[in-house]
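J.: my questions are about this predicted structure, shown below with the sequence.
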Amino acid sequence: MRGRKLAAVAGVVWLLAGCAIGDIRRPPPRPPTPAPATTHAGFETRAGQIPAPPSFHLQQVEFVDQALGYALFARCGSGSAAPGPAETCSAAIVRTDDGGRTWHQAYNPSPAAKGFQLEADRQRLVLYADPAGYYVSRDLGVTYEFVGDDVGAVRGFHGDYQVLLDGNRSQVVRVDADGKPTPTRAQPDVPSLRAVGSALHWLFAAGVDGNGRPVTAVSNDQGATWRQVPVGGSSGRIGGLAITVDRDGTYAWLIGQTDLISWPDLWFFDGQGWRSMGATAHPDRFTSAVPLQDASLAVTTPERPGLVAGGAFQWVDWPIGGCHLRMLADGTLFCAAGAVNWLGVGRPGDWKWIRVLVGNE
């Protein structure tokens, strides 16, 4: 459960790290039509004991991969999960190293704050305590370094390339290992820049014109030069844009939303531009999407999950509900929904699901 983002990043950006730009003569293949999904609704349940006081309320669960995860619990002055105007909160952080079978207490360096937020990868655990700032741990929450309001502490979690708002201007920047942003040598000629994404051979940028239609550009030299590419068949009412790429860096999708709940417009990058991808029989509502390595798009909706593949939508019998789906660094699917969290381990067409229960109430 991500909640609000802590970095000063403009727009909704779904990114995949790793951007070795290759030969422009090698466009990504056209999306194949995968065989019907063969999935299994059975799942394992893990409910390890949580070493947090019973009066603390679950605020957030973050998994880094299928083994390492963190959970944040908080208690405010009134005993509620959220502070009143004159209250502060205390927090407890717990960690699992075995995918939720067992949990261990981690250190909380900030005894009181108006609110807390976690972000993590294999190298770092970052705690934001409002209004003090960021605490960074490099030993799984044993010790921390206080870095104040330096948003570089969390910027690196959001991808190698990001949209950064500098005054009234949005720029494409590359982020180094320390979270320092550097603008690309050239900037894409797109209005109202909203999203960037990186694939094996391409760097993408997308914005929205005054009529609500997406305008996109691509680079095959890490942003030294850009060229605009067409976007086929837009509704002209796009508000939010996201670019998402599978973990192998092969298949890129552009997702345009008119609002937060309706089914979005979908495009697939075919090497020349963004080709509109139909989804026959799709539902009316939409929650999240993750591209898979077989060129399909895994989708969650308030009803149940499904796949977009070969121009059609199909429901799948995964046990997850309308949670927000994302892919972790090791290829595990993670879907967080409060105290009920899901890990999907396997490969497209054959996922094993694990329900991880996190709560002490």
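T.: Okay, I see it.
J.: nearest residue to residue 353 in space, ignoring adjacent ones along the chain?
T.: residue 43 (4.0 Å; Cβ to Cβ, 6 or more residues apart in numbering). (Each C-beta comes from the backbone N, C-alpha and C, glycine too.)
J.: the one you found and residue 356: what is the separation?
T.: Going from residue 43 to residue 356 by Cβ to Cβ, to the nearest Å gives 10 Å.
J.: more crowded one of the two?
T.: A side-by-side neighbour count of residue 43 and residue 356, using other Cβ atoms under 10 Å, places residue 356 first with 24 against 17.
J.: hmm, back to that, now do the shared contacts for residue 43 and residue 356.
T.: Listed contacts common to residue 43 and residue 356 are residue 342; contacts here mean Cβ atoms under 8 Å, 6 or more residues apart in numbering.
J.: okay, now the unreliable bits of the protein?
T.: Low-confidence segments of the chain, defined by pLDDT under 70: 1-41, 78-86, 360-361.
J.: and residue 295, its phi and psi?
T.: Torsion angles at residue 295 (phi, psi; degrees, to the nearest 10) stand at phi 80, psi 10.
J.: ok, it touching residue 251?
T.: Yes - here residue 295 lies in contact with residue 251, judged by Cβ atoms under 8 Å, at a distance of 5.0 Å.
J.: quick one, helices of this structure?
T.: Remark: helices of the chain, listed N- to C-terminal, are 152-155; assignment by DSSP state H.
J.: before we move on, back to that, so how far is residue 128 from the residue nearest to residue 353?
T.: With distances defined as Cβ to Cβ, the gap from residue 43 to residue 128 amounts to 33 Å.
J.: same check on residue 89?
T.: Distance, residue 89 to residue 128, using Cβ to Cβ: 13 Å.
J.: again with residue 174
T.: Counting by Cβ to Cβ, the separation of residue 174 from residue 128 is 23 Å.
J.: now swap in residue 42 and tell me
T.: For residue 42, the distance to residue 128 (Cβ to Cβ) stands at 38 Å.
J.: who has more neighbours out of these two?
T.: Between residue 42 and residue 128, counting by other Cβ under 10 Å, residue 128 is the more crowded of the two (22 against 9).
J.: quick check: that one touching residue 110?
T.: No - using Cβ under 8 Å, residue 128 makes no contact with residue 110, being 9.1 Å away.
J.: any residues in contact with both of these two?
T.: Taking Cβ under 8 Å, 6+ apart as the contact criterion, the residues that touch both residue 128 and residue 110 are 116, 135.
J.: burial count for residue 303?
T.: Taking other Cβ under 10 Å as the criterion, the count of residues near residue 303 is 13.
J.: what's near enough to touch it?
T.: Counting by Cβ under 8 Å, 6+ apart, residue 303 has contacts 283, 285, 322.
J.: which residues touch the last one?
T.: Translated: residue 322. For residue 322, the contacting residues are 287, 300, 301, 302, 303, 304, 337, taking Cβ under 8 Å, 6+ apart as the criterion.
J.: from residue 45, how far off is residue 68?
T.: Taking Cβ to Cβ as the criterion, residue 68 is separated from residue 45 by 19 Å.
J.: residue 262 now?
T.: For residue 262, the distance to residue 45 (Cβ to Cβ) stands at 33 Å.
J.: of residue 68 and residue 45, who's got more company?
T.: Under the criterion of other Cβ under 10 Å, the comparison of residue 68 against residue 45 puts residue 68 first, with 21 against 11.
J.: what's the neighbour count on the closest residue to residue 55 other than its chain neighbours?
T.: Excluding the flanking residues, the one nearest residue 55 by Cβ to Cβ, 6+ apart is residue 75, at 5.3 Å. Here the count is done by other Cβ under 10 Å, and residue 75 has 20 residues near it.
J.: got the contact list for residue 75?
T.: With the criterion set at Cβ under 8 Å, 6+ apart, residue 75 makes contact with 53, 55, 56, 57, 81, 89, 90, 91.
J.: what's the closest non-adjacent residue to the third one?
T.: To tie it back to what came earlier, the one meant is residue 56. On the basis of Cβ to Cβ, 6+ apart, the spatially nearest residue to residue 56 that is not a chain neighbour turns out to be residue 73, at 3.8 Å.
J.: my guess is that neighbour contacts residue 58, does it?
T.: Yes - under the contact definition of Cβ under 8 Å, residue 73 touches residue 58, with a separation of 5.6 Å.
J.: those two: which is more packed in?
T.: Using other Cβ under 10 Å, the more surrounded residue of residue 73 and residue 58 is residue 73, with 27 against 19.
J.: contacting residues for the more buried one?
T.: Contacts of residue 73 were listed using Cβ under 8 Å, 6+ apart, and they are 50, 52, 53, 56, 57, 58, 59, 91, 92, 93, 94, 360.
J.: what do residue 89 and residue 128 both touch?
T.: Between them, residue 89 and residue 128 share the contacting residues residue 116, judged by Cβ under 8 Å, 6+ apart.
J.: residue 112 and residue 149, how far apart?
T.: For residue 112, the distance to residue 149 under the criterion Cβ to Cβ works out to 18 Å.
J.: what's the span of stretch 158-177, first residue to last?
T.: End-to-end distance for stretch 158-177, by Cα to Cα, to the nearest Å: 12 Å.
J.: just stretch 151-167 next, same as before
T.: 16 Å.
J.: tell me the buried residues in that stretch?
T.: Buried residues in stretch 151-167, defined by neighbour count with 16 or more other Cβ atoms under 10 Å: 151-164.
J.: can I get those in JSON lines including distance to residue 144?
T.: Putting those into JSON lines (distance: Cβ to Cβ, whole Å) gives the following:
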{"residue": "151", "distance to residue 144": "17"}
{"residue": "152", "distance to residue 144": "16"}
{"residue": "153", "distance to residue 144": "11"}
{"residue": "154", "distance to residue 144": "14"}
{"residue": "155", "distance to residue 144": "18"}
{"residue": "156", "distance to residue 144": "17"}
{"residue": "157", "distance to residue 144": "16"}
{"residue": "158", "distance to residue 144": "21"}
{"residue": "159", "distance to residue 144": "24"}
{"residue": "160", "distance to residue 144": "25"}
{"residue": "161", "distance to residue 144": "28"}
{"residue": "162", "distance to residue 144": "25"}
{"residue": "163", "distance to residue 144": "29"}
{"residue": "164", "distance to residue 144": "26"}
